[in-house]
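Student: Next come a sequence and a model predicted from it.
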Amino acid sequence: MASSRNDDLDALRGIAVCLVVSTHFCWVFFPNLVIGNFHAIDSLSAISPFPLSNLLFPNVLAVTVLLAVSGYAGVIAFAARTAHRTLAFDIGHRYLRLVLPALAAGGIAYALSLLFNNAHLSASKIIYGPIEWTWLTLFWSEPPTITALAAEFLLGQVEQNSAILPVLWMMPDLFMGSVAVLLGMRYVPAKHCAWAFLIAGIALLALRPLTGAVILGAGVGLWQQSRPAVRIPVGIRLSVLILALLIGLNPIGSGTGGLTLLVWYAPWLPAAFALPATAVAGVLILLALLPRRSIDASRHRLLAAVGRRSYGVYLLHLPVLLTISSAIFVSLHGAHGQMPAMIATTFVTLATLVIMVVLFDRLIEKPVTRLIRA
C-alpha cells in the first residue's frame, strides 16, 4: 500500500493536472469565463480589473507545479533505491518513460482527428462566432510532416498548428530537469546537494524557467528529507501560498490573463519576468503544500488516483476536447441549444477521459514501465 506521504504528493499532482484540464475545457467551451480569450475582447470594458474567476484557470502555473512535483518525486525515488543503476540506464529510462506514452497518445490523437474530422472547427464557429482566428482554429490547421512529428515527439519542439500533441511543449524542460536532478544526486556530495539544486535552479530561471522549476522542486525534496521532523506552521504555509498566487497568476506567464489583467499587473511585473515568476510560484506552491504523513490517507484517495495517472490525463485531455467533446457539442447544439449542449458535453468529456485514462494506464503506461525496467 502506498504511504500517506506518497498519497499527498500524488494528490497535489492530481489537483494540478485537473486545473490544466479545466483551463483548456473552459478555453474551448466557456471562453467568456476566461478573461483574455478571443471571444471576450469586445466586452473588456465591462470586466473588473482583476477577475477572480481566473484563479480557477492557472494553466502554465499548474504545469510548473507538475514540474516541481516531478523534481521532488525524483529525489524520493532516488533515495528509496535498493539497486545500483548506470547513469545511461537512468537517462534512457526517463526519456523512454516520457516518449513512448507520448507516441501512443499521439497515435490515439491522430486516429481521433480522422474519425471526428474538424469537429473543433465546427465548435469554434458556434462558440466564437464568425471569427476565423480563434484559440480553437489554431490546432491541426496544417498537416504534420515527418520532420515536424520527429521534432514534436523526440525533442518536444511543438508548433501548435501542426502538432498532434500540443501539450508536449513542456517535455524538454521535464526531461532536462530530470537529468539534472539525476546528475546532482549521483555526483554532488549529499551535504551540498540541496544548495547545488537551489543555485542551479535559480540560475536556470533566466534561460529555461520550467527546467529551473524541476530542479528547485528537487531542492525542496532534499530539504524536507534532511529535516523530516520540521513542520512549517499553517500561517507560514498560507502566506507562501498567497505569495505564490500573487506572483504566479500573471497574464503572460500563467496563461490565465488578458488585457485587463495585464493592466493590473504591468506596474510592477515586467513581461520578461512573467514566466520565471510563474516557475517560482509553482515551487512555492509545492513548498506551501508539502506532503505530510497523514493518519487518514484515504481522504486523498481520489485525487491521488488522478495524480498517479497525471501523465495520461495530460496527454489525452486536449485530443478528447478537440474531437469527441467538440463533436458531441456540435451535434447537441442544433437540437437543444448552447447551454444544454455544454452541460451534456461536460459530463461526456469527464466520462470519456476517465475511461480512456484508465485504459491508457493499464495498456500503455504500466507495460511501458515494465518494459524499460527489464
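Tutor: Here it is on my side, so go on. Numbering: from 1, shown residues only.
Student: separation between A203 and I215?
Tutor: 9 Å (C-beta to C-beta, to the nearest Å). Any C-beta I mention is one placed from the backbone N, CA and C, and that applies to glycine too.
Student: Same drill for these two, tell me which one is more crowded.
Tutor: More crowded of A203 and I215, by other C-beta atoms under 10 Å: I215, with 30 against 12.
Student: Under the pLDDT cut-off, which ranges of the chain? List them.
Tutor: Along the chain, the model assigns pLDDT under 70 to residues 1-5, 32-57, 229, 255-268, 292-299, 374.
Student: biggest helix in this structure, by residue count?
Tutor: helix 87-115 (DSSP state H).
Student: Show me what counts as buried in that one.
Tutor: Going by neighbour count (16 or more other C-beta atoms under 10 Å), the buried part of helix 87-115 is 90, 93-95, 97-106, 108-110, 112-113.
Student: likewise stretch 129-138?
Tutor: 134-137.
Student: ok, the residues you listed vs P144, which is closest?
Tutor: Ranked by distance to P144 (C-beta to C-beta), those are led by T137 at 16.5 Å.
Student: which one is that closest one nearest to, not counting chain neighbours?
Tutor: Nearest non-adjacent residue to T137, counting by C-beta to C-beta, 6 or more residues apart in numbering: S124, 5.4 Å away.
Student: residues in contact with the one you found?
Tutor: Residues in contact with S124 (C-beta atoms under 8 Å, 6 or more residues apart in numbering) are 131, 134, 136-137.
Student: if you set the cut-off to 7 Å instead, what comes out?
Tutor: Neighbouring residues of S124 by C-beta atoms under 7 Å, 6 or more residues apart in numbering: 134, 136-137.
Student: host element of it?
Tutor: Using DSSP states H and E, S124 sits in helix 119-127.
Student: which parts of that helix are buried?
Tutor: For helix 119-127, by 16+ other C-beta under 10 Å, it's 119-124, 127.
Student: Could you check how far the nearest residue to L269 once chain neighbours are set aside is from I242?
Tutor: Distances taken as C-beta to C-beta, 6+ apart place N250 nearest to L269, at 5.5 Å, with adjacent residues excluded. N250 sits 15 Å away from I242, going by C-beta to C-beta.
Student: Likewise for P166?
Tutor: 31 Å.
Student: more crowded one of the two?
Tutor: Set side by side, P166 and I242 show more neighbours around P166, with 20 against 12, by other C-beta under 10 Å.
Student: That one is in contact with L318, isn't it?
Tutor: Yes: P166 lies in contact with L318 (C-beta atoms under 7 Å); the separation is 6.4 Å.
Student: Spell out the residue ranges of the strands in the chain.
Tutor: Ranges of strands within the chain: none, based on DSSP state E.
Student: what number of residues lie near A148?
Tutor: A148 has 18 neighbours, counted by other C-beta under 10 Å.
Student: what sits against it?
Tutor: By C-beta under 7 Å, 6+ apart, the residues touching A148 are 159, 162.
Student: shouldn't H24 be in contact with V320?
Tutor: No: if you go by C-beta under 7 Å, H24 and V320 don't touch, sitting 9.9 Å apart.
Student: Just want to know which of the two has more residues nearby.
Tutor: V320 (25 against 22).
Student: residues contacting that one?
Tutor: 349, 352-353, 356.
Student: show me where the stretch 51-200 of the chain has helices.
Tutor: 59-79, 87-115, 119-127, 146-150, 171-187, 190-204 (DSSP state H, counting those that start in this stretch).
Student: can you tell me how far V28 sits from V220?
Tutor: Counting by C-beta to C-beta, the gap from V28 to V220 is 34 Å.
Student: neighbour count winner among the two?
Tutor: Taking neighbours as other C-beta under 10 Å, V28 and V220 compare with V28 leading, 27 against 23.
Student: excluding its backbone neighbours, what's nearest the most centrally placed residue in the chain?
Tutor: Centroid-nearest residue in the chain: V63, 3.3 Å away (criterion: C-alpha atoms, centre = their mean). Spatial nearest neighbour of V63, excluding adjacent residues (C-beta to C-beta, 6+ apart): M170 at 5.7 Å.
Student: I'd say that neighbour and P209 touch.
Tutor: No: here M170 does not reach P209: they are 10.8 Å apart, not a contact under C-beta under 7 Å.
Student: just to revisit the earlier point, turn the contacts of S124 into a markdown table, columns for distance to A194.
Tutor: As requested, these are exported to a markdown table (distance: C-beta to C-beta, whole Å):
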| residue | distance to A194 |
| --- | --- |
| T134 | 46 |
| L136 | 44 |
| T137 | 46 |
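Student: Need the CA coordinates for stretch 347-359. CSV is fine.
Tutor: Provided in CSV are the C-alpha atoms of stretch 347-359 (Å, rounded to 0.1, in the frame of the first residue of the first chain):
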residue,chain,number,x,y,z
PHE,A,347,-20.4,15.1,-18.4
VAL,A,348,-19.5,13.2,-21.6
THR,A,349,-15.9,14.7,-21.5
LEU,A,350,-15.4,13.6,-17.9
ALA,A,351,-16.7,10.1,-18.5
THR,A,352,-14.6,9.7,-21.7
LEU,A,353,-11.4,10.9,-20.0
VAL,A,354,-11.9,8.6,-17.1
ILE,A,355,-12.3,5.5,-19.4
MET,A,356,-9.5,6.5,-21.7
VAL,A,357,-7.0,7.3,-19.0
VAL,A,358,-7.7,4.1,-17.1
LEU,A,359,-7.2,2.1,-20.2
